[in-house]
Each structure stands twice: as C-alpha cells, then as structure tokens.
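[1] heads up, no residue letters with this:
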C-alpha cells in the first residue's frame with residue numbers, strides 16, 4: 001500500500017468516527033427542544049384553566065369559652081365569651097334553647113353574663129353569628145348555700161355579752177369540708193379582702209361544714225344598729241367570695 005492509499009483510508013476512518021457523534025448531538029438537541037416545547041405547552045394549558053373560586057360563604061367556627069364554667073344558684077355569676085374572627089355585628093345567645101339576649105361584637109368579642117338564678121343542674125349555652133357555625137358550651141349551676149342559726153343578734157356592752165352565730169355550708173352540692181367565713185362591717189362602702197379596713201374576723205370551716213361567727217368586736221362599738229356581712233371562700237385563692245349574707249347587730 002502506497003502513501004496515498006494510507007492517507008485516504010485514514011480520512012475515511014476519521015469520518016466514520018466523527019459522523020455518529022454528530023448524529024447523537026443532533027438527536028440530543030432535538031430532544032431538548034421537544035422537552036422545552038412540551039413544558040411550554042403544559043404551562044400554557046395550566047394558565048388557560050380557570051382557577052376555582054373560594055367559597056366565601058363557607059361558615060367559620062366560633063371560639064367560645066367560659067371563665068369558670070359554673071355558677072352558684074342565687075349567688076354569683078359567670079360569663080361566656082365568644083370570639084368571632086373577622087366578623088362584625090351581633091351574637092345571639094341562648095340557654096337550653098331559650099333566648100338569652102343579643103350582644104354586639106366589640107373588637108370581635110361578645111360576652112354573656114350567666115344569670116345567678118339559673119336552675120341547679122347542667123345547661124347548654126349557644127351562640128350564633130352570621131356566617132359562623134353555632135357554638136355551644138356547658139355551664140353547671142351548683143347548689144351552694146350558707147345557713148345561719150340567726151341573722152339578728154344583740155351585743156350588750158354592760159354585761160359584756162357578745163353571742164356567737166353558728167352556721168352550716170354546702171359547696172357545689174356537697175358539705176364544705178374546708179374554707180373560711182369572713183365577717184365584714186358593712187358601713188356603706190364595704191371592701192372585701194385580707195387588707196380591708198372593714199374585715200372583722202376570719203373563721204375556719206370544720207370538716208362537717210359547720211362554722212361560728214363571733215361578734216365580740218362590736219363590744220367596742222357605740223350603741224346603735226350595724227350590719228355585718230358573712231362571705232364564704234372555699235380556698236386561699238381569694239377568687240370567689242360567696243353569699244355576703246347580712247346580719248343585723250344591735251349594740252346596747
């Protein structure tokens with residue numbers, strides 16, 4: 001084989017090696033264009049589809065809560081608070097299905113005061129606001145009572161006679177096995193608490209629910225008629241003073 005033949009063979013061989021490479025690159029380029037076009041088509045179809053509108057009429061949930069969740073029949077009251085997110089207007093309340101009044105939302109909150117006359121037992125309080133689901137919560141009315149042997153006594157300064165007053169307590173329907181009964185002088189501007197200038201004495205409740213109130217402080221009072229009030233507190237939290245039962249004290 002002469003020199004010319006070797007050169008031609010070398011050229012043919014080189015072309016054979018280069019040609020497949022060029023073919024693969026072209027195929028890859030074509031494939032890339034196809035993928036790009038497909039992605040663009042898919043994006044265009046996605047944009048063309050109408051978006052689902054949000055159902056603005058969908059009812060929202062109300063947040064409802066009770067501070068204590070109970071009342072003492074004939075004594076104190078509890079409150080039920082409703083929060084209506086993003087809403088204005090009024091809240092319609094009901095107790096056991098009976099209308100309990102309508103309260104205007106202020107800063108998206110409305111509060112119902114549970115009446116102290118709510119019958120003893122369990123009750124359901126419901127709240128309704130437009131475009132909100134009706135909310136409900138349970139409230140219990142407890143039988144809590146203070147029974148006094150008498151509500152009128154006479155303190156005799158001359159004989160140094162200051163009678164005690166006995167009493168009995170029920171708390172939430174059961175015998176109050178602990179707690180205190182505080183006696184205050186109600187002079188028309190009564191304040192309650194351990195630092196009150198009207199506080200006459202603190203009397204502990206026995207395990208059988210009984211207690212005694214003492215009136216010896218009135219021996220230092222000038223003759224006249226006074227009102228002493230008895231408040232029961234179940235624990236040292238001082239968050240619940242009950243009754244305020246008035247007792248007439250006559251000093252002679």
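    It's in. Please read these numbers as outputs of a predicted model, since none were measured by experiment.

[2] Pass me the low-pLDDT residue ranges in the stretch 101-250 of the chain, would you?
    Applying pLDDT under 70 to the stretch 101-250 of the chain flags residues 236-239.

[3] swap the cut-off to 90 and go again
    The model of the stretch 101-250 of the chain has pLDDT under 90 over residues 107, 130-133, 187-188, 191-195, 234-241, 243.

[4] How far does stretch 64-83 stretch from one end to the other?
    The first and last residues of stretch 64-83 sit 6 Å apart, counting by Cα to Cα, to the nearest Å.

[5] what do you get for stretch 151-160?
    20 Å.

[6] ok, now stretch 212-229?
    First-to-last distance for stretch 212-229 - Cα to Cα - comes to 13 Å.

[7] in that stretch, what's buried?
    Buried residues in stretch 212-229, counting neighbours by 16 or more other Cβ atoms under 10 Å, are found at 213, 215, 218, 226, 228, 229. All C-beta atoms are positioned from the backbone trio N, CA, C, and that covers glycine.

[8] before we move on, what about stretch 193-203?
    198, 199, 200, 203.

[9] Just the buried residues of stretch 212-229: which are in strands?
    213, 226, 228, 229 (DSSP state E).

[10] that older thread, which member of the buried residues of stretch 212-229 is positioned nearest residue 88?
    Closest approach to residue 88 among those (Cβ to Cβ): residue 229, at 42.8 Å.

[11] hey, what's the closest one bridged with?
    Taking DSSP bridges as the rule, residue 229 bridges to residue 184, residue 246.

[12] wait, it sits on residue 190?
    Yes. If you go by Cβ atoms under 8 Å, residue 229 and residue 190 touch, sitting 6.8 Å apart.

[13] Could you pull out the residues contacting both of these two?
    Shared contacts of residue 229 and residue 190 (Cβ atoms under 8 Å, 6 or more residues apart in numbering): residue 184.

[14] quick one: contacts for residue 148?
    Counted by Cβ under 8 Å, 6+ apart, residue 148 has contacts 165, 166, 167, 213, 230, 245, 247.

[15] of these, closest to residue 111?
    Of all the contacts of residue 148, residue 111 sits closest to residue 245, with 28.1 Å by Cβ to Cβ.

[16] hmm, back to that, with distance to residue 183 added, can I get the buried residues of stretch 212-229 in TSV?
    Listed next are those as TSV, based on distance: Cβ to Cβ, whole Å:
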residue	distance to residue 183
213	5
215	8
218	10
226	11
228	6
229	7
